[in-house]
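In: next come a sequence and a model predicted from it.
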Amino acid sequence: MHLTLCYLYPYTSASAHSAFGRVSWSSPSKTAFADRDREAAQRQTAELQRELERVRSTGAGGASSSRAAGGSPLAGAERDLWLTTEHAMDLRGQRDQLQGEVQTTRSERDQLRIRAEAAEAQVAEVTKELEALWVQRLPVDREELERVRAELRVQEAVSRSLQQIVTNISRSRSRSKSGASVSRATGTSVGQYLASSPSRQRNEEDERHRQGEASTQSARGGEMLPPPDRQEGSGESGGGQ
């Protein structure tokens, strides 16, 4: 029995130190639990060491008498030592399991980092492509902007011409009582407008001008006026009536 205890004690002490000395825990709660178990195992190991020292001091005769008695302290110490060894083996298994979980977590973290780096590279590439497309489309956008501005200037000129026509008609009506004078002023203004307006707006204005002349002829008893197409480009032909 003494030789058995001497054989188990170095193995148990080394196993306890190897089981508890190099454990790297990933969770705080698990680490605290393992620390408590390690401290308890260390206390038990210290008690066993003291018990073994006491047994060794009694000598061979005390060892023989202890073997004869079934419920001796040495048997209890041997049982406690066996339980401590089993507990140390269990803790070692838990340590190995936690190390496996840590390794798995690290692998997943590495994969996520690789995916994040790939996503960042893809975003950078797409950003460069967008910048290149923006640089290529910039002259086209400028040309489109200039075209829109030119159209706006034409529309503004047409609007000013229409306002001038309305002003001339109002002034002619206020100054003259004759329908022919109103017709000549209208023909002159319309001629100026038609010279600067697009073809579509010119046709619309011709139609409105014809309707206005028809109204004037009806009011004056059927007096005939020259058609508006002869008055385009000059207002003097209307004044020669």
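Out: Thanks, I have the structure now.
In: the residue lying closest to Gln94 once chain neighbours are set aside: neighbouring residues, count only.
Out: Excluding the flanking residues, the one nearest Gln94 by C-beta to C-beta, 6 or more residues apart in numbering is Ala34, at 7.3 Å. In this view, the C-beta of every residue, glycine as well, is placed from N, C-alpha and C. Residues near Ala34, counting by other C-beta atoms under 10 Å, number 19.
In: kindly report the same for the one 4 residues further on.
Out: Residues contacting Arg38 under the criterion other C-beta under 10 Å number 18.
In: do you know how far it is from Asp90?
Out: For Arg38, the distance to Asp90 equals 12 Å [C-beta to C-beta, to the nearest Å].
In: neighbours around Leu52, how many?
Out: Here the number of neighbours of Leu52 (other C-beta under 10 Å) works out to 19.
In: could we number from 13 for the rest of this?
Out: Fine by me, first position is 13 from now on; the one you just mentioned is Leu64.
In: distance of Arg55 relative to Ser69?
Out: Taking C-beta to C-beta, one finds Arg55 at 21 Å from Ser69.
In: swap in Arg154?
Out: 103 Å.
In: try Glu168
Out: 118 Å.
In: and Leu95, by the same measure?
Out: With C-beta to C-beta as the criterion, Leu95 and Ser69 are 24 Å apart.
In: and these two? Which one has more around it.
Out: Neighbour count, other C-beta under 10 Å: between Leu95 and Ser69, Leu95 has more, with 12 against 8.
In: mind checking the SS state of that one?
Out: What DSSP: H, G, I helix; E, B strand; the rest coil gives for Leu95 is helix.
In: number of residues surrounding Leu60?
Out: Using other C-beta under 10 Å, Leu60 has 20 neighbouring residues.
In: state the pLDDT value of it.
Out: If you check Leu60, the pLDDT there is 80.
In: just checking, it touches Leu93?
Out: Yes. In this structure, Leu60 is within contact of Leu93 by C-beta atoms under 8 Å, at 5.4 Å.
In: from memory Thr57 sits against Thr97, does it?
Out: No. In this structure, Thr57 is not within contact of Thr97 by C-beta under 8 Å, at 10.0 Å.
In: got any ranges where this protein has weak pLDDT?
Out: 13-45, 70-84, 149-153, 185-253 (pLDDT under 70).
In: mind redoing it with 50?
Out: For the chain, the stretches with pLDDT under 50 are 13-38, 72, 75, 231-237, 240-253.
In: break it down into its domains, please.
Out: Domains of the chain are assigned by automatic domain parsing as 14-135, 188-251.
In: and Gln56, how many neighbours does it have?
Out: Neighbour tally, Gln56, other C-beta under 10 Å: 17.
In: ok, for it, nearest residue in space, not its chain neighbours?
Out: Here the residue nearest Gln56, using C-beta to C-beta, 6+ apart, is Thr96, at 5.1 Å.
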